[in-house]
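Undergrad: Provide a 3D model corresponding to the input given below.
(2 chains)
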Amino acid sequence: MDSPNDPQLIALLDRMATASLPFAAREEAFRALYDLTAAKLFGLALRVVRNRDWAEDVLQEAYLHAWRVADTYRSTLSPPLAWLGMIVRSRALDFLRRRNSERADAALEIDGAIEETVAGDAPNPMDTHQASEAAWALHECLRKLEARQREVVSLAYLRDLSHSELATQLKLPLGTVKTWIRRGLDQLRGCMSRFA
Amino acid sequence: MNLIQHPELADRLAAAYALGSLRGGARRRFESLARQSPQLRALALLWQERMSAMTELQPQEVPSANVWKRIAIALRNEEDARRVAAAPSARRGAGFWRVAALAGGFAAVVAFTLAAYTGAQLSQLSATPEIRYVAMLEDERSSPAMLVTFDAKHGTLTLKRLGDFREQADRSLQLWALPSGAAPQSLGVVEGGGVIRLPAVEGQLRQVPALAISLEPKGGVPPGSGPTGPVLFKGAFVPTT
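TA: The predicted model follows:
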């Protein structure tokens, strides 16, 4: 089942991709799509790159990419926000790879305000606003994990980090990270199988 | 080993593969097995799909209003480039440039008004530059993009950016004179924001009814060649007296 916003987002993506429409009409659809999704996708970009300026660069690149490939959206059979989220994540990861290869001190520029901790009593940071059915299922299953495990599993995926990179970034012992990921994934598998 | 006969292990590996925590040799072995087995491949895709929902669960944050402005500018650049590329026969021929020179009757009116105004103002101030020509270059939506004046006393073309257009770091804007019945002549590369000055002699500007600005590779086209990129701005070039 589509989430409430989906038909609207899909119609906008269709308009963006309709070459026979005047440019102004396609741009207007793009603007409407941006207004409906930018806060969600900026939150995602910020979570991956952890610096507002970088996240804004990523967001700009991601939307321009979405504009260029809007005509391929339907063939992916994805919910619209999930499709846009994939674009943002992959642009954000590209951005970090470029950045890391350019400068070794990139880690120093991360905004202090949004540097995260994996405190055990952290409130549930997940947000199901506009989420697709698949995101609801994942949300329900992640919610059952201990907060620290949920955080480590989420960051492993969102930032594409290895066990040792996670250990360094979160200042945790490597063994702890490995255990949390393994247990987190086992619980997730048990829970997700009920939604298949 | 046939992983599909070990469903528990296959599921665990597929989940770790999708999460990204399966790395190195283990990851390559899994990929090789998945290439052989449609069931394993389906399992990996299922987990990739499940994990990708993680992108939808992050807290919202409002980006600065500049992001959309930058997107809109880049979008218009792309659209201009696409439109020119879509009309290859017009691109190089003089026809396109004649159209560019004649386009925008409104631009001409603006320029003439400006010319009258500037001329009147400047005739009262002997110490000020001697403005002989002015042009208001407009974008495709007829929004003012660049004001060009020619100061004969100092042999200087002064360009003032009016819109919020900024070329990408690897591109340059190039200013062209569009003489009637002849090929466009480069007047120089427009580097920098705000106000830009280019040296010019009046002889280059006589019998030039219009100016245009094209988007070119960094540093402009080689001397002697014509414009290669899309025309972004154009307008009538009008004497002040």
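
Undergrad: any idea how far the spatially most central residue of chain B is from B:Gln204?
TA: Nearest to the mean C-alpha position of chain B, counting by C-alpha atoms, centre = their mean, stands B:Asn77 at 3.6 Å. Distance of B:Asn77 to B:Gln204, given as C-beta to C-beta, to the nearest Å: 28 Å. Any C-beta I mention is one placed from the backbone N, CA and C, and that applies to glycine too.

Undergrad: helix or strand with the lowest mean pLDDT in chain B?
TA: Counting by mean pLDDT, DSSP states H and E, chain B has its least confident helix or strand at helix B:88-92, which shows a mean of 46.

Undergrad: contacts only, for the residue lying closest to A:His65 once chain neighbours are set aside.
TA: Leaving aside its sequence neighbours, A:His65 sits nearest to A:Ile87 (C-beta to C-beta, 6 or more residues apart in numbering or on different chains; 5.6 Å). Residues in contact with A:Ile87 (C-beta atoms under 8 Å, 6 or more residues apart in numbering or on different chains) are A:62, A:65-66.

Undergrad: does A:Ser132 touch A:Leu81 like I think?
TA: Yes - using C-beta atoms under 8 Å, A:Ser132 is in contact with A:Leu81, at 6.3 Å.

Undergrad: which residues do these two both contact?
TA: With C-beta under 8 Å, 6+ apart as the test, A:Ser132 and A:Leu81 both reach A:3, A:6, B:56.

Undergrad: inside strands: which ones of these?
TA: Among those, no member falls in strands (criterion: DSSP state E).

Undergrad: one step back: how about the contacts of A:Ile87 in JSON lines, adding secondary structure?
TA: As requested, the contacts of A:Ile87 are exported to JSON lines (DSSP: H, G, I helix; E, B strand; the rest coil):
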{"residue": "A:Ala62", "secondary structure": "helix"}
{"residue": "A:His65", "secondary structure": "helix"}
{"residue": "A:Ala66", "secondary structure": "helix"}
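
Undergrad: buried subset of those residues as a ChimeraX selection?
TA: The ChimeraX selection below is limited to those of the contacts of A:Ile87 classed as buried (16 or more other C-beta atoms under 10 Å in any protein chain shown):
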select /A:62,66
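
Undergrad: those residues of chain B touching chain A, which are they?
TA: Applying C-beta under 8 Å from any C-beta of the partner chain, we find that chain B lies next to chain A at B:11-12, B:15-16, B:19-21, B:23, B:46, B:49-64, B:66-68, B:70-72, B:74-75, B:78-79.

Undergrad: which ones are touching the residue in chain B that chain A sits nearest to?
TA: At 2.9 Å from chain A, B:Thr55 is the closest residue in chain B, using C-beta to the nearest C-beta. Applying C-beta under 8 Å, 6+ apart, we find B:Thr55 in contact with A:44, A:82, A:85-86, A:88-89, A:158.

Undergrad: grab the nearest non-local neighbour of it.
TA: Distances taken as C-beta to C-beta, 6+ apart put A:Gly85 closest to B:Thr55, at 2.9 Å, once the chain neighbours are dropped.

Undergrad: need the pLDDT of the one you found.
TA: Note for A:Gly85: predicted pLDDT of 96.

Undergrad: and if you look at A:Leu142?
TA: Confidence score, pLDDT, at A:Leu142: 93.

Undergrad: what's the helix or strand for it?
TA: Following DSSP states H and E, one finds A:Leu142 within helix A:133-143.

Undergrad: please save the CA atoms from that helix in PDB.
TA: Extracted C-alpha coordinates of helix A:133-143, given in PDB (Å, rounded to 0.1, in the frame of the first residue of the first chain):
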ATOM      1  CA  GLU A 133       5.200   0.500   4.300                       C
ATOM      2  CA  ALA A 134       8.700  -1.000   4.200                       C
ATOM      3  CA  ALA A 135      10.100   1.800   6.300                       C
ATOM      4  CA  TRP A 136       7.300   1.200   8.900                       C
ATOM      5  CA  ALA A 137       8.300  -2.500   9.100                       C
ATOM      6  CA  LEU A 138      11.900  -1.600   9.500                       C
ATOM      7  CA  HIS A 139      11.000   1.000  12.100                       C
ATOM      8  CA  GLU A 140       9.000  -1.400  14.100                       C
ATOM      9  CA  CYS A 141      11.900  -3.900  14.100                       C
ATOM     10  CA  LEU A 142      14.600  -1.400  14.800                       C
ATOM     11  CA  ARG A 143      12.500  -0.100  17.700                       C
END
